[in-house]
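Student: Return a 3D structure for these sequence lines:
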Amino acid sequence: MRNALERLCSQTAPSGFEAPAAQAAMDLLRPMVDEVSIDRLGNLVGVRRCGRPGAKKLLLDAHLDEIGLIVIGIEDGFLRFRSIGGVDPRMLPDRELTILTNPPLFGVVSCLAPHIQKKGDADKAVPLADLFIDIGMTQEQAEKAVPIGTPIVYRGSCFALGESQVCGKAMDDRACFVTLLRCAELLRDKELDVDLYIMGSTREEVSGAGATTGTFAIAPDYCVAVDVTHGKTPDVPNPRGRVLELGGGPAVGIGPNMTTWMTRRMIAKAESNDIPWQGEVMAGHTGTNGWHMQVSREGVATSVVSLPLKYMHTPIEVLTLEDIESVAKLLAAFTENLGKEAETIC
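Tutor: Take a look at the predicted model:
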């Protein structure tokens, strides 16, 4: 799991530019499914057929894109930019970046030294529109090297944090795709009664278009959106709200935009298989691909399962390998006998 995580998170693939992550994910998924393909919007789709005529379809989804930036202009050799997805401007000053030219360039977000800041500046976040990226070039050099519209991501990959935690960029949501890989591995020698589809979807951070179109094309009977959720830290307000314990196992979404019998079955499978789990009440929009997948075609029975993660949408996202394993075990347990048991439940 650690190797897969490091390989996926090292890819430079913001929303709309996911091809490197999709190719790496395809290589990892191929040995565990019957066929793999990349569709028109760049979604990676793998399927393991159960061999039963007219079998129901289960779709497990985790998105492959990451947040990023995009170049909108060049001034005195410095790049102006805007965000791709939910980028926090507080994370940007003095940050190292990778500019996705061919070959890639490195850059840093410029910042004022404390000696020349005005009184009170240190306590304020600099608006994204006022920031620049320094790539060490003149105006003429930069114009030749960096086309307008070039995407940018945080520089970095994964490293261990303590004995069981891992830190890095793009854990949201490539760590959840690792849970799908591990789930497929756990099911490799199991007999299934549903056709299992595994999707690494695109553009979740900007629109959810990948999951929307991918789900429509697959036409599943059941789907599970697997994404990250907020992990508890000492500085997080309202610790009894939507924050979960790292090491506490998967968070099962509970609310009006998840299908009730799917939620109950997910919880029952966790308890009967001694898998630790946490409940996460989602009263409205889940903030995941499940929101879009549930209304595909005439509707899809939907569940949301989340992986606790600290420091979401930063280059230092942190999670535990233990939770990745627990999420994978829960998904595998949910998949087994789904066709037979769903008939009696719903």
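Student: What residues sit buried inside the helix or strand of the chain with the lowest mean pLDDT?
Tutor: One helix or strand of the chain scores below all others by mean pLDDT, DSSP states H and E: helix 338-345, with a mean of 89. Within helix 338-345, the residues that count as buried by 16 or more other CB atoms under 10 Å are 338-339, 341-342. Placement of C-beta: from N, CA and C, glycine included.
Student: a markdown table please, covering those and showing distance to residue 149.
Tutor: Formatted as a markdown table, the buried residues of helix 338-345 follow (distance: CB to CB, whole Å):
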| residue | distance to residue 149 |
| --- | --- |
| 338 | 44 |
| 339 | 46 |
| 341 | 49 |
| 342 | 46 |
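Student: And these, which two are furthest apart?
Tutor: Farthest apart among the buried residues of helix 338-345 by CB to CB are 339 and 341. That separation is 7.6 Å.
Student: what's the pLDDT at the closest residue to residue 150 other than its chain neighbours?
Tutor: The shortest distance from residue 150 to any non-neighbouring residue, by CB to CB, 6 or more residues apart in numbering, is to residue 71 (4.5 Å). On pLDDT, residue 71 comes in at 98.
Student: Residue 71 and residue 145 touch, don't they?
Tutor: No. Under the criterion of CB atoms under 8 Å, residue 71 makes no contact with residue 145, lying 10.7 Å away.
Student: related to what we said a few turns ago, what packs against the least confident helix or strand of the chain?
Tutor: Helix 338-345 is packed against helix 260-272, with contacts defined by 3 or more CB pairs under 8 Å, 6 or more residues apart in numbering; DSSP states H and E.
Student: before we move on, the earlier item: who's in contact with the residue nearest to residue 150?
Tutor: Shown in contact with residue 71 (CB atoms under 8 Å, 6 or more residues apart in numbering): 79-81, 99, 146-152.
Student: And for residue 215?
Tutor: Per CB under 8 Å, 6+ apart, neighbours of residue 215: 59, 61, 199, 223, 292-293, 296, 300.
Student: Name the nearest of those residues relative to residue 255.
Tutor: residue 293 (14.9 Å).
Student: one step back: now the common contact residues for residue 71 and residue 145.
Tutor: With CB under 8 Å, 6+ apart, residue 71 and residue 145 have no common neighbours.
Student: rewinding a little: who does the residue nearest to residue 150 bridge with?
Tutor: residue 81 (DSSP bridges).
Student: Equivalent analysis for residue 159, please.
Tutor: As assigned using DSSP bridges, the partners bridged with residue 159 are residue 167.
Student: was I right about it contacting residue 165?
Tutor: No. The pair residue 159 / residue 165 is not scored as a contact, 10.1 Å apart, by CB under 8 Å.
Student: show me the residues around residue 133 that make contact.
Tutor: 69, 78-81, 97, 99, 107-110, 152.
Student: next one: residue 160
Tutor: 166-167 are the contacts of residue 160 under CB under 8 Å, 6+ apart.
Student: I'd like to know how far it sits from residue 5.
Tutor: Counting by CB to CB, to the nearest Å, the gap from residue 160 to residue 5 is 11 Å.
Student: And for residue 130?
Tutor: For residue 130, the distance to residue 5 equals 35 Å [CB to CB].
Student: Compare those two and say which is more crowded by neighbours.
Tutor: residue 5 (23 against 8; other CB atoms under 10 Å).
Student: Using the three-state scheme, assign that one.
Tutor: Put simply, residue 5 is helix when judged by DSSP: H, G, I helix; E, B strand; the rest coil.
Student: From residue 36, how far off is it?
Tutor: Between residue 5 and residue 36 the computed distance is 20 Å (CB to CB).
Student: Check residue 340 too.
Tutor: Where residue 36 is concerned, residue 340 sits at a distance of 27 Å (CB to CB).
Student: Also residue 251?
Tutor: 29 Å.
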